[in-house]
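Asks: Provide a 3D model corresponding to the input given below.
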Amino acid sequence: MAAAGAAPGAAGTGAGASSPIRSRTTLVTGARAAVREAAIASALAAAAPTPVRPAAVILEGLADANSPLESAPETGLQVLRIAPGCLCCAGNLVLRVTLNRLLRRPPAQLFISLANAEHVDQLRSMLLEAPYGDLLDLAADLQA
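Replies: Residues are numbered from 1 along each chain as shown. Below is the predicted model:
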């Protein structure tokens, strides 16, 4: 098994494949978790479904009692929650471990919901560097 900070490898590529499968990734910011989760649910509803490679969401913080993201498990949506804390500073290791595990079977679409947008530029820079730069296709941020 790879170390926590190690690259997730070819993330879904077969032997001899030239490039890894990339996941379209959106960083979601906003004042409240419920608002961020509603924005993600709306974006997912507007996107074309991909049953072979469903979407995934990494949510920073505790669950809201009425989260629209966890009410339809039949969609294949993978929802992962990580403890609150700046994802480029204190929560960096937790985010890397979560991403490494998730990218073993890369989702078509990935949303990362941030409780605090103070360091969103640093987080974006981290996601553009190796190994994630080859695995993620960063989209414009979503402000909820």
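
Asks: Would you state the strands of this structure in chain order?
Replies: 23-29, 56-60, 78-82, 109-114, 136-138, 142-143 (DSSP state E).

Asks: Tell me the spacing between Pro68 and Thr25.
Replies: Distance, Pro68 to Thr25, using CB to CB, to the nearest Å: 20 Å. To be clear about C-beta, it is placed using only N, CA and C from the backbone, and glycine gets the same treatment.

Asks: Looking at these two, which is more packed in?
Replies: Thr25 (21 against 16; other CB atoms under 10 Å).

Asks: For the more buried one, give its distance to Gly133.
Replies: Taking CB to CB, one finds Thr25 at 11 Å from Gly133.

Asks: shared neighbours of these two, anything?
Replies: Residues touching both Thr25 and Gly133 (CB atoms under 8 Å, 6 or more residues apart in numbering): Leu127.

Asks: Low-confidence ranges, the chain, go.
Replies: 1-18, 49-51, 63-64, 71-74 (pLDDT under 70).

Asks: so Cys86 touches Glu118, yeah?
Replies: Yes. Assessed by CB atoms under 8 Å, Cys86 is found in contact with Glu118 at 7.2 Å.

Asks: More neighbours: which of these two?
Replies: Taking other CB under 10 Å, Cys86 and Glu118 do not tie; Cys86 has more neighbours (17 against 13).

Asks: Quick check: phi and psi at the more buried one.
Replies: phi -50, psi 120 (degrees, to the nearest 10).

Asks: Which residues are in contact with it?
Replies: Counted by CB under 8 Å, 6+ apart, Cys86 has contacts 116, 118-119.

Asks: any idea how far it lies from Ala38?
Replies: 23 Å.

Asks: same question, Pro131
Replies: 32 Å.
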